[in-house]
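> sharing a model that was predicted from the sequence below.
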Amino acid sequence: MKKVTLFLLGFAAVAFMVSSCGGTQSATQGRKQIIIPCDDKAKSDATYFRASGQAKSPNQANAKDKALLNAKARLASSINTKIKSVTESYTNEMDAGGAQEFNQTFENMTRAVVSQTLVEVDEICSELYPAEGGGFDSYVALQVAKDAIYNGIDKGISKDKKLEVMYDRQKFKEKFDEEMSKME
């Protein structure tokens with residue numbers, strides 16, 4: 001009797017899981033998708049780093065400024081993450097003795113390059129709407145060319161004699177392009 005009861009409980013559990021899996025389609029039925037302005041233009045690719053931002057404020061200019069700051073913060077984070085990946089990949093192929101020092105010095109230098117480059121971003125989308133309850137909702141999307149980032153890093157390395165000694169321009173460019181191609 002115990003075996004039959006266990007079998008029926010197991011069968012009921014499987015039947016419940018199967019029926020609940022099929023229910024996910026109906027869970028979204030009747031719901032309206034929220035489309036965030038400018039978000040569709042903020043996908044990075046092999047040529048550009050892109051990001052979007054949004055903000056609400058009682059003042060139009062403040063809403064736009066806050067949205068720009070949010071987008072720039074997201075853009076900087078994306079660039080820093082990708083450059084960190086490039087650096088790790090590059091330093092893994094370096095002589096172990098110089099890799100640690102190169103990595104630390106390089107990270108500090110790239111932060112400065114990213115901050116400097118964010119001044120040169122292109123605004124590719126900007127939308128402003130009256131907000132419910134008053135104020136304004138601002139949406140923006142920004143982009144910066146990967147070449148601007150690479151050239152800034154290359155220039156920064158050229159100014160640092162320690163880094164320049166350990167730097168193989170061609171190998172770094174290959175790693176950089178390889179990581180960027182993964183963003184397509």
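Great, that's in hand. Numbers count the residues shown, from 1 in each chain.

> and K82, how far is that from C125?
Counting by CB to CB, to the nearest Å, the separation of K82 from C125 is 21 Å. All C-beta atoms are positioned from the backbone trio N, CA, C, and that covers glycine.

> then A51?
A51 is 11 Å from C125, by CB to CB.

> so what sits against both of those two?
Residues touching both A51 and C125 (CB atoms under 8 Å, 6 or more residues apart in numbering): A42, A141.

> the residue nearest the centre of the chain sits in which helix or strand?
In the chain, the centroid-proximal residue (CA atoms, centre = their mean) is S78; its distance is 3.6 Å. Assigned by DSSP states H and E, S78 falls within helix 60-92.

> what is that helix packed up against?
strand 48-57, helix 96-117, strand 122-130, strand 136-145, helix 146-159, helix 169-181 (3 or more CB pairs under 8 Å, 6 or more residues apart in numbering; DSSP states H and E).

> can you say which of the ones you listed is packed in most?
Highest mean neighbour count of the helices and strands packed on helix 60-92: strand 136-145, a mean of 23 (counted as mean count of other CB atoms under 10 Å).

> show me what that strand is packed up against.
strand 48-57, helix 60-92, strand 122-130.

> how big is the angle separating the helix holding S78 from strand 136-145?
Counting by axes from the mean of the first three to the mean of the last three CA atoms, to 10 degrees, helix 60-92 lies at 30 degrees to strand 136-145.

> any idea how far the residue nearest to the centre of the chain is from I36?
The span separating S78 from I36 equals 17 Å under the rule CB to CB.

> now do Q104
38 Å.

> G135 now?
17 Å.

> repeat for D45
Distance from D45 to I36, by CB to CB: 19 Å.
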